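>>> task: produce atomic coordinates for the following.
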Amino acid sequence: MAITDLPMLAMLRTRMQWNQARQTVIAENVANADTPGFKPRDLAELRFDKETGRAASTSPSLALTAAGHMPPIGQPSAAGADPKKVRDFEIRPSGNGVNLEDEMMKAGDIQTDYQLAASLYQHSLTTLKIAIGKS
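Okay, the predicted model is just below:
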């Protein structure tokens with residue numbers, strides 16, 4: 001077993017990948033802020049199975065059902081994206097429900113979460129190297 005296959009490192013790696021996918025979905029929301037009828041989306045919260053340490057799926061993922069169909073926005077990285085529940089007063093007359101302030105707050109949270117996971121991953125690798133005598 002490789003050092004990077006340890007459950008803790010796999011969970012951190014999964015968390016960083018989830019943050020990347022969520023950042024893509026948030027960027028799509030911002031890019032479509034002026035698109036009439038566009039509803040903002042967000043990824044379902046990432047959950048880990050306590051026994052295996054693997055990511056547990058909480059929602060069905062989007063998929064192509066025929067070769068001629070257009071792929072869902074952000075696929076493959078946005079698998080698991082769900083429409084965000086938008087309050088009626090946030091929807092503009094054009095039907096667009098994107099609130100740029102909320103999306104920017106989410107982007108900041110994603111950046112902080114990603115940096116934390118990346119830092120923990122790097123420190124875990126450093127600790128493991130010291131433990132096996134390859135510092």
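
>>> buried residues in the helix ranked longest in the chain?
Secondary structure of the chain per DSSP state H: the longest helix is helix 100-131. Neighbour counts over helix 100-131 (16 or more other Cβ atoms under 10 Å) mark 102, 103, 106, 107, 110, 113, 114, 117, 120, 121, 124 as buried. (C-beta placed from N, C-alpha, C; glycine too.)

>>> distance check, the last one against residue 8.
In this view, residue 124 and residue 8 are 6 Å apart by Cβ to Cβ, to the nearest Å.

>>> ok, the buried residues of helix 100-131 vs residue 14, which is closest?
residue 117 (9.1 Å; Cβ to Cβ).

>>> and the pLDDT for residue 91?
Predicted confidence (pLDDT) for residue 91: 76.

>>> show me what contacts it?
By Cβ atoms under 8 Å, 6 or more residues apart in numbering, the residues touching residue 91 are residue 97.

>>> let's see that with 10 Å instead.
Applying Cβ atoms under 10 Å, 6 or more residues apart in numbering, we find residue 91 in contact with 37, 39, 97, 98, 99.

>>> residue 90: how many residues sit nearby?
Per other Cβ atoms under 10 Å, the neighbour tally for residue 90 reads 12.

>>> show me what contacts it?
40, 96, 97, 98, 99, 102 are the contacts of residue 90 under Cβ under 10 Å, 6+ apart.

>>> reformat these as TSV; add distance to residue 90 and pLDDT.
Formatted as TSV, the contacts of residue 90 follow (distance: Cβ to Cβ, whole Å; pLDDT from 0 to 100):
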residue	distance to residue 90	pLDDT
40	9	91
96	9	88
97	6	87
98	9	91
99	5	91
102	8	92
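
>>> residue 112 versus residue 118, what's the distance?
Residue 118 is 11 Å from residue 112, by Cβ to Cβ.

>>> columns neighbour count on top of the contacts of residue 91, output as TSV?
Shown next, in TSV, are these (neighbours: other Cβ atoms under 10 Å):
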residue	neighbour count
37	10
39	16
97	20
98	23
99	18
